[in-house]
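**Q** Turn this into a structure:
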Amino acid sequence: MSEFDGIEGHDDWQAKLQELLTEARKAAKQDDDAREAMADRLVQFVIKSLPNDDMILALDEIAGNAAVDLWKRTAEERVQAITERNAQFAGLQKQFETLATKGKTEARALRLKRVREVADGLTNTVTQLRGFLDNLSEADDARLAKAIVEGIKTVKDLRELVETEGPMKPG
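**A** Prediction:
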């Protein structure tokens, strides 16, 4: 069983890379064996991380570069390089957060559009039912007229509920 088994989703992979980078910073100050072992773990991260979308590939690039950085000659170079990867990782996290916020905003706008479409459709239904009711003659079925009036009330109540409980709700 690998330390990467059971990791799913971008958040989990980000957390794992953060853990590895923290350990890499410590390993960079140690002997060659510790640096080699840490570099191998970073390479395994690259191999195991899924799905291979843009976000994971960006994490893989950081992990791969950090693995290479562990082999640099001096401890100062290694610490500086790992620090650069941590900064790169922090910037990538900010990009992910921005994308997530943008996605939530777009999803809310789409829901709002759909609520407006439903509300407009319900208004149109009420208008058509009223027109139909106005055209009924006294000779027409009273049960039909009563059902139409009840239907209009139900549709109006539904429209009000959609507007007050959906994304159109103020605040």
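**Q** Residue 81: how many residues sit nearby?
**A** 20 (other Cβ atoms under 10 Å). The C-beta positions use only the backbone N, C-alpha and C, and glycine is treated the same way.
**Q** I meant residue 29, not that one.
**A** 13.
**Q** Three-state assignment for residue 81, please.
**A** Three-state call for residue 81 (DSSP: H, G, I helix; E, B strand; the rest coil): helix.
**Q** pLDDT wise, what is it at?
**A** Here, the pLDDT recorded for residue 81 equals 80.
**Q** for residue 119, same thing?
**A** Per-residue pLDDT puts residue 119 at 78.
**Q** quick one: it from residue 4, how far?
**A** For residue 119, the distance to residue 4 (Cβ to Cβ, to the nearest Å) stands at 49 Å.
**Q** Tell me where this structure has helices.
**A** For the chain, helices defined by DSSP state H occupy the ranges 9-27, 32-48, 54-69, 75-134, 142-165.
**Q** what packs against the longest one?
**A** Packing partners of helix 75-134 (3 or more Cβ pairs under 8 Å, 6 or more residues apart in numbering; DSSP states H and E): helix 9-27, helix 54-69, helix 142-165.
**Q** Sort out which residues of the first one are buried, please.
**A** Right, the one you point to is helix 9-27. For helix 9-27, a neighbour-count test (16 or more other Cβ atoms under 10 Å) marks 13, 14, 16, 17, 20, 21, 23, 24, 25, 27 as buried.
**Q** which helices and strands does it pack with?
**A** Using 3+ Cβ pairs under 8 Å, 6+ apart: helix 9-27 touches helix 32-48, helix 54-69, helix 75-134.
**Q** do the same with the longest one
**A** For helix 142-165, the elements it packs on are helix 75-134, judged by 3+ Cβ pairs under 8 Å, 6+ apart.
**Q** now the helix it packs on and helix 32-48, what's the angle there?
**A** Computed by axes from the mean of the first three to the mean of the last three Cα atoms, to 10 degrees, the angle separating helix 75-134 from helix 32-48 equals 20 degrees.
**Q** Starting from residue 50, give me the distance back to residue 114.
**A** Going from residue 114 to residue 50 by Cβ to Cβ gives 33 Å.
**Q** scratch that, residue 58
**A** Residue 58 is 14 Å from residue 50, by Cβ to Cβ.
**Q** Comparing those two, which residue is more hemmed in?
**A** residue 58 (16 against 12).
**Q** Would you mind listing the outside residues contacting stretch 62-75?
**A** The contact list for stretch 62-75 (Cβ atoms under 8 Å, 6 or more residues apart in numbering) reads 17, 20-21, 24, 27-29, 35-36, 38-40, 42-43, 45-46, 49, 77-78, 81-82, 84-85, 88-89, 92.
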